[in-house]
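>>> what follows is a protein structure lacking sequence information:
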């Protein structure tokens with residue numbers, strides 16, 4: 001998959017959405033103990049273009065770069081596969097890709113945006129091994145109750161805001177996409193192709 005830039009682009013006009021999100025998420029990790037297992041230096045943040053006229057669909061996603069229990073390999077229909085690797089500028093392997101679908105994500109209410117960020121971060125395995133957090137039962141991604149899952153994300157979001165982080169960190173989440181675009185003279189960010197499965201020779 002090549003390499004991804006984790007730092008702000010120098011000299012480019014407009015608003016660097018992915019860099020601003022990295023700064024915000026890094027502060028979330030520092031202030032919320034439940035996220036302390038996350039090493040953001042091994043998480044790529046990206047934007048994905050969504051249909052402008054659509055208000056429904058995916059708002060954000062977390063892509064794990066490894067399989068169950070952090071394995072580099074999985075078997076499907078009797079065939080062994082690995083996942084494409086993604087590195088940063090310095091050659092460090094990324095374990096997750098945190099993606100936001102624009103403009104759809106930016107057009108949600110502020111509280112919904114915050115909950116969505118925590119929702120995706122909570123998917124990261126407590127072992128931080130490239131796998132997702134797996135809950136007991138068939139619905140291992142969101143537990144047996146998506147409602148309870150999202151209610152807990154609201155608790156974590158409120159917990160973060162009650163610690164009074166600098167408002168400038170999350171100010172970019174307050175306007176909708178059109179207003180943010182107008183205010184900043186454009187919006188850009190890192191774009192990463194969806195990683196592919198690679199057959200492993202037997």
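Arrived safely. Here the structure is a predicted model, which is why all the values come from computation and not from measurement.
>>> list the helices and strands the longest helix along the chain packs on?
Secondary structure of the chain per DSSP state H: the longest helix is helix 146-162. Counting contacts by 3 or more CB pairs under 8 Å, 6 or more residues apart in numbering; DSSP states H and E, helix 146-162 packs against helix 110-122. Every residue, glycine included, has its C-beta placed from N, CA and C.
>>> mind listing what's buried along the helix it packs on?
The neighbour-count check on helix 110-122 (16 or more other CB atoms under 10 Å) flags 112, 113, 114, 115, 116, 117, 118, 119, 120, 121, 122 as buried.
>>> need the contact partners of that helix.
Applying CB atoms under 8 Å, 6 or more residues apart in numbering, the contact partners of helix 110-122 are 21, 24-25, 28-29, 34-35, 38, 59-62, 98, 105-106, 108, 133, 149-150, 152-154, 156-157, 160-161, 170, 173-174.
>>> residue 42 - nearest residue in space that isn't next to it in sequence?
Once flanking residues are discounted, residue 42 sits nearest to residue 95: 4.7 Å by CB to CB, 6 or more residues apart in numbering.
>>> separation between the one you found and residue 179?
From residue 95 across to residue 179, the span is 34 Å (CB to CB, to the nearest Å).
>>> who has more neighbours, those two?
It is residue 95, of residue 95 and residue 179, that has more neighbours when counted by other CB atoms under 10 Å, with 22 against 12.
>>> thought that one was touching residue 130?
Yes. Residue 95 is in contact with residue 130 according to CB atoms under 8 Å; the separation is 4.1 Å.
>>> which neighbours do the two have in common?
Counting by CB under 8 Å, 6+ apart, the residues touching both residue 95 and residue 130 are 64, 65, 66.
>>> so which of the residues you listed sit within strands?
Among these, the members found in strands (DSSP state E) are residue 64.
>>> any idea which of the shared contacts of residue 95 and residue 130 is the one closest to residue 81?
residue 66 (11.6 Å; CB to CB).
>>> what's around residue 104, how many residues?
That count, for residue 104 with other CB under 10 Å as the rule, works out to 21.
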